[in-house]
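Chemist: Predicted model follows, preceded by the sequence.
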Amino acid sequence: MQRTILAALLTGALLGAPAWAAINPNKLGAAYDATKANVTFKVYSSKATRIELYLYSTATGSAEKAKYVMTNSGGIWSVTIPTSTLSGQGLGGTLYYGYRAWGPNWPYNASWTKGSSLGFISDVDAAGNRFNPNKLLSDPYALELSHDPTTATMTNGSIYASGATYRNIDSGSSAPKGIVLAGDTQATGTKPTRALKDDVVYEAHVRGLTMNDTSITAAYRGTYKGAGLKAAALAALGVTAIEFLPVQETQNDTNDNDPASTSGDNYWGYMTLNYFAPDRRYAYDKTPGGPTREFKEMVKAFHDNGIKVLVDVVYNHTGEGGAWSSTDKTTYNITSFRGLDNPTYYSLTADFQNSWDNTGVGGNYNTRNTIAQNLIVDSLAYWRDKLGVDGYRFDLASVLGNSCQHGCFNFDKMDAGNALNRIVAELPPRPATGGSGVDLIAEPWAIGGNSYQVGGFPSGWAEWNGAYRDVVRQAQNKLGSVAITTGQMATRFAGSSDLYGDDGRKPWHSVNFITAHDGFTLKDLYSCNSKNNNQAWPYGPSDGGEDNNNSWDQGGIAADQRKAARNGMALMMLSAGVPMIVGGDEALRSMNCNNNPYNLDSSANWLNWSRTTDQNNFQSFSKAMIAFRKAHPALRPANFYSSVDNNGNVMEQLRWFKPDGGVADASYFNDANNHAIAWRIDGSEFGDPASAIYVAHNAWSAQVNFTLPWPGAGKSWYRVTDTCGWAEGASQVQAPGSEALVGGENTAYGLCGRGTLLLIAK
């Protein structure tokens, strides 16, 4: 995760009878009863000494219509109000609400008024409390938020800050309010039950997916509704799961204030303000309840096309951010969690004065605290049960493996009480063979300590396999400068048993990717020697970004750049594990070497649906390789390949070969001077339509002659594709039944430098 947020900018309901309520027995949040005769508000704080509920008839620009003192029972503060009473107070329509809280560092004073300092002792006390009644707090369990903290009409984010300069500024009129939803009946369709091993994941941004798509009605572009209209096209490409960048409410409404500026823009959305509310900016229908209904409509559109919906979730930090400066212990943003119960919701330093930070963009969410975990589990269950999502990708997920709360960070997958293991226990993962459950995918690293945990997550978790990315990139782009052995390549292509086999996990727990939203696109990986982030709009400027990209421009030769991209796509589709491609990579999308466009809400960063001939050819290649993978279960093993003959046909389930046709042994695998490897899979052991599959990869710069192995009794080898330039075109991957005959055992095949060959036996 590479992104930079200005420290001083604030980047920092009843819906029927949802199943998620069973996980949330205290039913925190706001909801009408079954007859809508009463509405109950519940919020948690273990340290508050007084909490008041403020009710509004409008989202901004007006004072509260009513306020109520809440009662405390075991840290759960609540109040129930008859709707008839609310109507008499001018609150008969949409009900907006927020909280004001007092505590040990700012005790209640009966003479206090909004904007007053009465009762104030300190911005933070020795226990880490940061109560401030001048800051209206949004409900962590609100099902929708009315708006962002800063908007086009209220751009001053400092109103939410603590500290001597800001603590007495009242935020009530402008602050985001929770919305008590009246309910909806929008269906989300039938969830796919496909096993994760059989998925092809497509990472995309809801807004970026359609903003440039002229085939979609202009008003729907960039919205959930617009995204749903792309479901059929993505299904035709072969995508089986779409993984959306964060869609939970974040600070991004002001991105359009100056469309040609990157100042403060939060495009990717990794600063979550609320874990239940769908981001209102992505809704065509922005009325109260509209984002929820429209998100569900989008999910149904994907489900109707057989596509899972995965969402990228950010439970490692929040949009409240961290300290405004490295030396100021008092000035923090207070919009929700921090003002309700700072030491419960955040990991703090040993003196409780500052946030503990393994994210680089604000203090760690306190994932080891039971109450904070409740919110994680409750919100995940809500998105699963009510909004219809099928799984999650967890940003900087190592933070969820923290085994301590304050003054430390220690990832421990064996800690039964960490958030990772609790999620698996209470939201069961999808079984290996498919069925009900959720797909849990971790970004298995953070910043500092023992947070790099590729291969180190507990049972039930799949991971973004950063080791796969690095080995494939280096093998392709760093010949002669980085020593990558054929053994390393083979291990990654076969599902990374070294990472996942030691604890009972399987090849499909490895999400194989070469690119992600965070970094170069596939085209740029093979077209850029280094990042170029300091460009003019719309390709920049963007700060930050990784310097060590393992990229190479292939000597500036465009044809070789396309060949390298074909290799990358082919290897992902031919490797054991779950392939993930980034939206646009299927058609050689470029960001002109910007590898950190987190702040670019621009036409360059939105997917372009107009294609050149080269892009059309590459999309045809991508589509055909996805189709080949889906048609051949031998490429999607449920278990790690074995090296023996399991069905008596005199062919090992998997065998590795040297170019000369001999079996690759340890000495060949471990010699960094070797750069060509081939493998054969016995398709008959997997019920595959091909009796055998053969793949050869040449990472040398010059041609290598491969001697083909035995294809099986009475069989010959047929070419499905060769990624080399001679075959480039719309039909580079042969359709089933039209594969070209190559020959049988001991046939020589000359494979170009940096090329990949795919054969089937029949």
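Modeler: Cool, the structure landed.
Chemist: State the helix or strand in which Ala236 lies.
Modeler: helix 231-237 (DSSP states H and E).
Chemist: Quick one: residues in contact with that helix.
Modeler: 202, 242, 301-302, 304-307, 586, 619, 622-623, 626 (Cβ atoms under 8 Å, 6 or more residues apart in numbering). The C-beta positions use only the backbone N, C-alpha and C, and glycine is treated the same way.
Chemist: what do you get if the cut-off is 6 Å, keeping everything else the same?
Modeler: Residues outside helix 231-237 that contact it (Cβ atoms under 6 Å, 6 or more residues apart in numbering): 301-302, 305, 307, 623.
Chemist: do stretch 97-111 as well
Modeler: Surrounding stretch 97-111, the residues in contact under the criterion Cβ under 6 Å, 6+ apart are 43, 47-52, 54-55, 118-122, 125, 129, 131-133, 136-138, 177-178, 339-340.
Chemist: picking that back up, the following helix or strand past the helix holding Ala236: how far from the chain's middle?
Modeler: Sequence-wise, the next helix or strand downstream of helix 231-237 (DSSP H and E) is strand 241-244. Distance of strand 241-244 from the chain centroid (Cα atoms, centre = their mean, to the nearest Å) equals 8 Å.
Chemist: Count residues in the vicinity of Gly744, would you?
Modeler: Neighbour count for Gly744, taken as other Cβ atoms under 10 Å: 16.
Chemist: Restrict the contacts of stretch 97-111 to the buried ones and give me that as a ChimeraX selection.
Modeler: ChimeraX command restricting the contacts of stretch 97-111 to the buried ones, with burial defined by 16 or more other Cβ atoms under 10 Å:
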select :43,47,48,50,51,52,54,55,119,120,125,129,131,132,133,136,137,138,177,178,339,340
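Chemist: Sort out which of the contacts of stretch 97-111 are in helices and list them.
Modeler: 339-340 (DSSP state H).
Chemist: Of the contacts of stretch 97-111, which belong to strands?
Modeler: Secondary structure from DSSP state E places 43, 50-52, 54-55, 178 of the contacts of stretch 97-111 in strands.
Chemist: Okay, now the unreliable bits of the protein?
Modeler: Applying pLDDT under 70 to the chain picks out residues 1-26.
Chemist: Surely Arg281 is in contact with Gln251?
Modeler: No - at 9.7 Å, Arg281 does not count as touching Gln251 under the criterion of Cβ atoms under 6 Å.
Chemist: Looking at the two, which one has more neighbours?
Modeler: Just comparing Arg281 and Gln251: by other Cβ under 10 Å the higher neighbour count belongs to Gln251, 29 against 24.
Chemist: got a list of what the more buried one touches?
Modeler: Gln251 makes contact with 11, 148, 266, 271, 319, according to Cβ under 6 Å, 6+ apart.
Chemist: and those as a markdown table, adding secondary structure and distance to Val482?
Modeler: Below are the contacts of Gln251 laid out as a markdown table (DSSP: H, G, I helix; E, B strand; the rest coil; distance: Cβ to Cβ, whole Å):
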| residue | secondary structure | distance to Val482 |
| --- | --- | --- |
| Thr11 | coil | 36 |
| Asp148 | coil | 44 |
| Asn266 | coil | 35 |
| Met271 | coil | 35 |
| Gly319 | coil | 38 |
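Chemist: I'd like the next helix or strand past the helix or strand where Met572 lies.
Modeler: Using DSSP H and E, Met572 sits in helix 558-574. Downstream of helix 558-574, the first helix or strand assigned by DSSP H and E is strand 578-582.
Chemist: got a list of contacts for that next one?
Modeler: Strand 578-582 is contacted from outside by 196, 199-203, 508, 511-513, 515, 572-573, using Cβ under 6 Å, 6+ apart.
Chemist: quick one on the thing from earlier: ok, the contacts of Gln251 vs Leu95, which is closest?
Modeler: Taking Cβ to Cβ as the measure, Leu95 lies nearest Asp148 of these, at 19.6 Å.
Chemist: dump the residue contacts of the nearest residue to that closest one once chain neighbours are set aside.
Modeler: Leaving out its chain neighbours, the residue that sits closest to Asp148 by Cβ to Cβ, 6 or more residues apart in numbering is Asp253, at 4.1 Å. Neighbouring residues of Asp253 by Cβ under 6 Å, 6+ apart: 148, 151, 281.
Chemist: Quick check: of these, which lies closest to Phe352?
Modeler: After measuring the contacts of Asp253 against Phe352 - Cβ to Cβ - the closest member comes out as Asp148, at 29.3 Å.
Chemist: if we can go back for a sec, tilt between the helix holding Met572 and strand 578-582?
Modeler: Angle between the axes of helix 558-574 and strand 578-582 is 140 degrees (criterion: axes from the mean of the first three to the mean of the last three Cα atoms, to 10 degrees).
Chemist: what's the burial count for Ser62?
Modeler: Around Ser62 there are 12 other residues, counting by other Cβ under 10 Å.
Chemist: All further residue positions should be reported with the first residue as 22.
Modeler: Okay, residue one is now 22; in that scheme the one you just asked about reads as Ser83.
Chemist: so it sits in a helix?
Modeler: No - the assignment for Ser83 by DSSP: H, G, I helix; E, B strand; the rest coil gives coil, which leaves it out of any helix.
Chemist: quick one: it from Trp485, how far?
Modeler: 46 Å (Cβ to Cβ, to the nearest Å).
Chemist: and what of Lys251?
Modeler: Lys251 sits 24 Å away from Trp485, going by Cβ to Cβ.
Chemist: of the two, who's got more company?
Modeler: Taking neighbours as other Cβ under 10 Å, Lys251 and Trp485 compare with Lys251 leading, 26 against 23.
Chemist: For that one, which residues are in contact?
Modeler: By Cβ under 6 Å, 6+ apart, the contact set of Lys251 is Leu230.
Chemist: Just the buried positions in the lengthiest helix in the chain, please.
Modeler: Longest helix in the chain, counting residues (DSSP H): helix 634-652. For helix 634-652, a neighbour-count test (16+ other Cβ under 10 Å) marks 635-636, 638-651 as buried.
Chemist: Next, the angle helix 579-595 makes with that helix.
Modeler: Going by the same axes, to 10 degrees, helix 634-652 makes 20 degrees with helix 579-595.
Chemist: just checking, what packs against helix 634-652?
Modeler: Helices and strands touching helix 634-652, by 3 or more Cβ pairs under 6 Å, 6 or more residues apart in numbering; DSSP states H and E, are helix 579-595.
Chemist: what's the helix it packs on in contact with?
Modeler: Around helix 579-595, the neighbours that count as contacts under Cβ under 6 Å, 6+ apart are 493, 497, 533, 535, 543-544, 547-548, 575, 600, 642-643, 646, 650, 716, 744, 746, 777.
Chemist: Restricting to C-alpha, output that helix in CSV.
Modeler: These are the backbone C-alpha positions of helix 579-595, laid out as CSV (Å, rounded to 0.1, in the frame of the first residue of the first chain):
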residue,chain,number,x,y,z
ALA,A,579,7.4,-2.0,-28.4
ALA,A,580,6.9,-5.5,-29.8
ASP,A,581,9.1,-6.9,-27.0
GLN,A,582,7.1,-5.0,-24.4
ARG,A,583,3.9,-6.6,-25.7
LYS,A,584,5.6,-10.0,-25.7
ALA,A,585,6.7,-9.5,-22.1
ALA,A,586,3.1,-8.6,-21.1
ARG,A,587,1.8,-11.7,-22.9
ASN,A,588,4.3,-13.8,-20.9
GLY,A,589,3.1,-12.2,-17.7
MET,A,590,-0.6,-12.8,-18.5
ALA,A,591,0.1,-16.4,-19.7
LEU,A,592,2.2,-17.4,-16.6
MET,A,593,-0.6,-16.1,-14.3
MET,A,594,-3.2,-18.2,-16.1
LEU,A,595,-1.0,-21.3,-16.2
